[in-house]
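1. kindly generate the corresponding structure for this input.
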Amino acid sequence: MEEQINLGAVKVSDDVIATIAGVATTQVEGVAGMSEGIVDGFAKLLTGSQLTKGVKVEVNEEEVNLDVSIIIKYGISIPEIAGKVQENVKKAVENMTGLKAVKVNLYIQGVAVDEKK
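-> This is a model prediction of the structure:
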């Protein structure tokens, strides 16, 4: 039998968890991007390294609750995309951190309209 040696604790920062959740969110087809909320009556679209601003993380021992704010593309079914985002975020966070994602609360902050159409 192999003996398990406890070398210490592993703590994943909230920013790392937020980054994982942000990337998992933007991988879902129909998500225009992340949002940090409504500013001057408009939802601000976040890109690149700003993705973490669209995610609020609350860690409780081995569980995590997430609040994710997004902007969706026009014409996308909100209930359909919500389920896909929640599932993708849950899987990514659990697989990469070992924490149990108990809640993935999703906030639709805006709709992106393609100006070319």
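
2. CA only for contacts and neighbour counts going forward, please
-> Fine.

3. now the element after the helix or strand bottoming out on mean pLDDT in the chain, going C-ward?
-> The helix or strand of the chain with the poorest confidence is strand 42-46; it has a mean of 59 (mean pLDDT, DSSP states H and E). Using DSSP states H and E, the helix or strand that follows strand 42-46 in sequence is strand 55-60.

4. what's that next one packed up against?
-> On a contact count with 3 or more C-alpha pairs under 8 Å, 6 or more residues apart in numbering; DSSP states H and E, strand 55-60 meets helix 14-26, strand 63-73.

5. okay, the angle between it and helix 14-26?
-> Angle of strand 55-60 versus helix 14-26, following axes from the mean of the first three to the mean of the last three C-alpha atoms, to 10 degrees, is 130 degrees.

6. got the CA positions of strand 55-60 in CSV?
-> The C-alpha trace of strand 55-60 is given here as CSV (Å, rounded to 0.1, in the frame of the first residue of the first chain):
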residue,chain,number,x,y,z
VAL,A,55,-17.8,36.8,-11.9
LYS,A,56,-18.4,37.0,-8.1
VAL,A,57,-16.9,34.0,-6.2
GLU,A,58,-17.8,32.9,-2.7
VAL,A,59,-15.8,29.9,-1.3
ASN,A,60,-17.0,28.0,1.7
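
7. just list the residues touching residue 68, thanks.
-> Residue 68 makes contact with 21-22, 34, 54-56, 104-107, according to C-alpha atoms under 8 Å, 6 or more residues apart in numbering.
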